[in-house]
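Novice: give me a model of this one.
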Amino acid sequence: MDVGDILEFKPEVNAKRTADDDAIAIPAKLRRKFQEIEKSRRDLPLSQLTDQEKLRMLQAAEQTFVPTDEDDTAKDPAAMKKVILAFQKKVNKNQEMRIKFPDNPEKFMQSEVDLHDEIVEVRAIATQPDIYLVLQETDAIRTILSLVTHDNTDISVSVIELLQELTDVDTLNESEEGAVVVIDVLAEMQSMATLVQNMERLDDSSNRDEAQAVFNTLSIIENMLEMKPELSADAADQGLLQWLVRRLKLKVNDTIKSYASEILAIMLQNSEQVKERLGELDGIDTLLQQLSMFKRRDPGSAEDSELMENTFDCLCTSLMLPANRDRFLRGEGLQLMNLLLREKKMSRYGALKVLNHALSGPEGVDNCMKFVDILGLRTIFPLFMKPPKANKHAGYSVEQCEEHIVSVVCHLVKNTTGAQRTRLLNKFSERDFEKVDRLMELHFKYMAMAKACDAHIDQARRAAEAAGEEIDDDMEDEFYLKRLDAGLFTLQLVDYIILEAARHDKQVESKVHTQLKLRGVTKDTIRDVVREYASQLGDALPEAEREQERTRVLRLVDEF
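Specialist: Next up, the predicted model:
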């Protein structure tokens, strides 16, 4: 790998974010030295330098970098406290000068320069976990947070960067006690409201430093939510949810908008209250409007692609709340998903996931009926017959697509009634029962995958028993989840659909029996799969309804 590759390296999706694609993966102190050298050559931007020039700059940074006393300071609580107290004195001095000479910037400018320099000093030891208890003792976190909304945005930008380093998850994980101190104090001070207020005043459209500050602010919020997911509801109440929704409404797709969609996805996963608030803020319509941009085009950049995926995730999670299903229906979300499926773009997989969530369970009855009314069967069954090919760039496999498609068909079978149900089940009889052939193809495919998994599990059981380990309920649950992931889940849905279609049309049942005989197996293979499915019905339904559904499914088995 040459120097150009190093400097242009971009992290994986699950790696820590960076807003600057030119950042070099080297230690922080060495990176600061490198940036000083880069600043001295502003006439030649880094992106325009040759590999040889980049190499010389990197070598110069390494050669001119000498260790300072920072390491000793970071390890000495007394020295750390001295730095922090000096910082607090500079804060007080600046406040005093601003109050004394509010209309004469020349009088307080030097105090702000001194304050800025002191913030840099604190940043030099901020990544040391040992500092966090000292920060609590000196009440420095409150002082730092008070500077976020400083009238001088340069001070604010620098403090935001300091907070970003203080809340960095990798650093916090090195000191659990210190992490609790920092996050608890920030939560107690309702820091989310302060951070949101500051983002609203920053100009991230034309000022690069302030754009970086907004980005760093989102990083602070992400770090806090990762350490304490329960803060999501408080963040929503303190104005963050409104800011995120407003940001998504902007027509410009950039790194900050993409990051905002990621933060929203995290908050929705963490809190039912956030799902409710999003619906109340017309957030479902906002998400649908964002996805409508990808009706006839694929994402044009990495930010575009991430924004699309995050928006689909937000919509899927929000639809877990029944009230948002109604908003999705009224907002013509079904029509949009149907259109996305027909256009054969990268958005198809996300649309399948959304449909799976929108149509599932008793709460999906209205959406299922409407989906048939808008001719959705003409869209889903061609995909059922021929699913999209695997797309590594979009991050899905054929099996994942088949799972969502089969799930959609299964939800329709369960939740439609009357003419809509008849139209659905008649699909399996048309064109010489080609869809029944496809059902049996899927049955045999996923049966083979499930059996292969069962063989591995049996081997693991024998190994555990030989070692004298007890197979407890937790291990049994783990085995079952592995079987579901290995294809049993899709197999159960396929076989359930077979039973429903066979009861509707005896010719379908005859066709299925013929296919089974050709493979030398009996219909008990399907019966056994659906019986296990009935025995493992989840806790999503109340106990009475769950028992009623189990009885209905077992009756289907007996009639087959």
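
Novice: only C-alpha atoms for contact and neighbour calcs from this point on.
Specialist: Fine.

Novice: shouldn't G300 be within a helix?
Specialist: No. Applying DSSP: H, G, I helix; E, B strand; the rest coil, one finds G300 to be coil, outside a helix.

Novice: with M308 as the reference, measure out to it.
Specialist: Going from G300 to M308 by Cα to Cα, to the nearest Å gives 11 Å.

Novice: the more surrounded of those two?
Specialist: Counted by other Cα atoms under 10 Å, G300 and M308 do not tie: M308 has more neighbours, with 25 against 9.

Novice: who are the contact partners of L241?
Specialist: L241 makes contact with 235, 264, 274, 278, according to Cα atoms under 8 Å, 6 or more residues apart in numbering.

Novice: which among the residues you listed gets closest to T551?
Specialist: Nearest to T551 out of the contacts of L241 is V274 (Cα to Cα; 36.2 Å).

Novice: touching, that closest one and A235? I think so.
Specialist: No. Using Cα atoms under 8 Å, V274 is not in contact with A235, being 9.1 Å away.

Novice: identify all contacting residues around stretch 477-488.
Specialist: 446-447, 449-450, 453-454, 457, 489-490.

Novice: how about the CA coordinates for it, as PDB?
Specialist: C-alpha atoms of stretch 477-488 as PDB (Å, rounded to 0.1, in the frame of the first residue of the first chain):
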ATOM      1  CA  ASP A 477     -33.000 -21.600  22.800                       C
ATOM      2  CA  GLU A 478     -29.600 -20.800  21.200                       C
ATOM      3  CA  PHE A 479     -29.800 -24.000  19.100                       C
ATOM      4  CA  TYR A 480     -33.300 -23.000  17.900                       C
ATOM      5  CA  LEU A 481     -32.200 -19.500  17.000                       C
ATOM      6  CA  LYS A 482     -29.300 -21.000  15.000                       C
ATOM      7  CA  ARG A 483     -31.800 -23.200  13.100                       C
ATOM      8  CA  LEU A 484     -34.000 -20.200  12.300                       C
ATOM      9  CA  ASP A 485     -31.100 -18.200  11.000                       C
ATOM     10  CA  ALA A 486     -29.900 -21.200   8.900                       C
ATOM     11  CA  GLY A 487     -33.200 -21.300   6.900                       C
ATOM     12  CA  LEU A 488     -35.800 -22.900   9.200                       C
END
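
Novice: mind listing what's buried along the longest helix belonging to the chain?
Specialist: Secondary structure of the chain per DSSP state H: the longest helix is helix 430-466. By neighbour count on 16 or more other Cα atoms under 10 Å, the buried set for helix 430-466 is 433, 435-437, 439-440, 442-443, 446-447, 449-450, 453-454, 457, 461.

Novice: G538: neighbour count?
Specialist: 11.

Novice: ramachandran coordinates for the spatially closest residue to L231 that is not a sequence neighbour?
Specialist: Spatial nearest neighbour of L231, excluding adjacent residues (Cα to Cα, 6 or more residues apart in numbering): L225 at 6.2 Å. Main-chain torsions, L225, degrees, to the nearest 10: phi -70, psi -30.

Novice: who's in contact with L225?
Specialist: Listed by Cα under 8 Å, 6+ apart, the contact partners of L225 are 231-232, 266-267.

Novice: just to revisit the earlier point, which of the buried residues of helix 430-466 lies closest to K370?
Specialist: Distances from K370 to the buried residues of helix 430-466, taken by Cα to Cα, are shortest for K435, at 22.4 Å.

Novice: on the three-state scheme, the nearest residue in space to that closest one that is not next to it in sequence is what?
Specialist: Nearest non-adjacent residue to K435, counting by Cα to Cα, 6+ apart: F428, 5.2 Å away. At F428 the chain is in coil, as set by three-state DSSP.

Novice: F428: how many residues sit nearby?
Specialist: Quick note: F428 (other Cα under 10 Å) scores 23 neighbours.

Novice: how near is it to R438?
Specialist: For F428 relative to R438 (Cα to Cα), the value is 10 Å.

Novice: then T149?
Specialist: Taking Cα to Cα, one finds T149 at 62 Å from R438.

Novice: next one, pLDDT for D170 please.
Specialist: pLDDT, the model's per-residue confidence, is 76 for D170.

Novice: got it, and the one 4 residues further on?
Specialist: On the pLDDT scale, E174 is placed at 71.

Novice: and for E53?
Specialist: 62.

Novice: and the helix or strand containing T525, what other elements does it pack with?
Specialist: Per DSSP states H and E, T525 falls inside helix 524-535. If you count contacts as 3 or more Cα pairs under 8 Å, 6 or more residues apart in numbering; DSSP states H and E, helix 524-535 packs onto helix 489-504, helix 543-559.

Novice: point out the most buried one among these.
Specialist: helix 489-504 (a mean of 22; mean count of other Cα atoms under 10 Å).

Novice: contacts for that helix?
Specialist: In contact with helix 489-504 (Cα under 8 Å, 6+ apart) are residues 402-403, 406-407, 409-410, 413, 425, 428, 436, 439, 442-443, 446-447, 483-484, 508-509, 526, 529-530, 533, 556-557, 559-560.

Novice: kindly recompute the last result at 7 Å.
Specialist: 403, 406-407, 410, 425, 428, 439, 443, 446-447, 508-509, 526, 529-530, 533, 556, 560 (Cα atoms under 7 Å, 6 or more residues apart in numbering).

Novice: got the angle for that helix vs helix 524-535?
Specialist: If you take axes from the mean of the first three to the mean of the last three Cα atoms, to 10 degrees, helix 489-504 sits at 110 degrees to helix 524-535.

Novice: pLDDT (mean, whole number) over helix 489-504?
Specialist: 95.

Novice: can you name the element that comes right after it?
Specialist: Heading C-terminal from helix 489-504 (DSSP H and E), you reach helix 506-518.

Novice: with just CA atoms, put that next one into PDB.
Specialist: As requested, the backbone C-alpha atoms of helix 506-518 are provided in PDB (Å, rounded to 0.1, in the frame of the first residue of the first chain):
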ATOM      1  CA  LYS A 506     -57.500 -29.200  -3.900                       C
ATOM      2  CA  GLN A 507     -55.600 -29.200  -7.200                       C
ATOM      3  CA  VAL A 508     -52.800 -27.300  -5.400                       C
ATOM      4  CA  GLU A 509     -52.800 -30.000  -2.700                       C
ATOM      5  CA  SER A 510     -52.500 -32.700  -5.400                       C
ATOM      6  CA  LYS A 511     -49.700 -30.900  -7.100                       C
ATOM      7  CA  VAL A 512     -47.800 -30.700  -3.800                       C
ATOM      8  CA  HIS A 513     -48.300 -34.400  -3.100                       C
ATOM      9  CA  THR A 514     -46.900 -35.200  -6.600                       C
ATOM     10  CA  GLN A 515     -43.800 -33.100  -6.000                       C
ATOM     11  CA  LEU A 516     -43.200 -34.800  -2.700                       C
ATOM     12  CA  LYS A 517     -43.500 -38.300  -4.200                       C
ATOM     13  CA  LEU A 518     -41.000 -37.400  -6.900                       C
END
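
Novice: which strands and helices sit next to that helix?
Specialist: Packing contacts for helix 506-518, counted by 3 or more Cα pairs under 7 Å, 6 or more residues apart in numbering; DSSP states H and E, involve helix 489-504.

Novice: can I get the helix it packs on in PDB, CA atoms only?
Specialist: In PDB, the C-alpha atoms belonging to helix 489-504 read as follows (Å, rounded to 0.1, in the frame of the first residue of the first chain):
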ATOM      1  CA  PHE A 489     -37.700 -19.600   9.500                       C
ATOM      2  CA  THR A 490     -38.200 -19.200   5.800                       C
ATOM      3  CA  LEU A 491     -39.000 -23.000   5.500                       C
ATOM      4  CA  GLN A 492     -41.700 -22.600   8.200                       C
ATOM      5  CA  LEU A 493     -43.300 -19.700   6.300                       C
ATOM      6  CA  VAL A 494     -43.100 -21.500   2.900                       C
ATOM      7  CA  ASP A 495     -44.800 -24.600   4.300                       C
ATOM      8  CA  TYR A 496     -47.500 -22.500   6.100                       C
ATOM      9  CA  ILE A 497     -48.300 -20.900   2.700                       C
ATOM     10  CA  ILE A 498     -48.400 -24.300   1.100                       C
ATOM     11  CA  LEU A 499     -51.100 -25.500   3.600                       C
ATOM     12  CA  GLU A 500     -53.200 -22.300   3.100                       C
ATOM     13  CA  ALA A 501     -53.000 -22.600  -0.700                       C
ATOM     14  CA  ALA A 502     -53.800 -26.400  -0.600                       C
ATOM     15  CA  ARG A 503     -56.900 -25.800   1.600                       C
ATOM     16  CA  HIS A 504     -58.100 -23.200  -0.900                       C
END
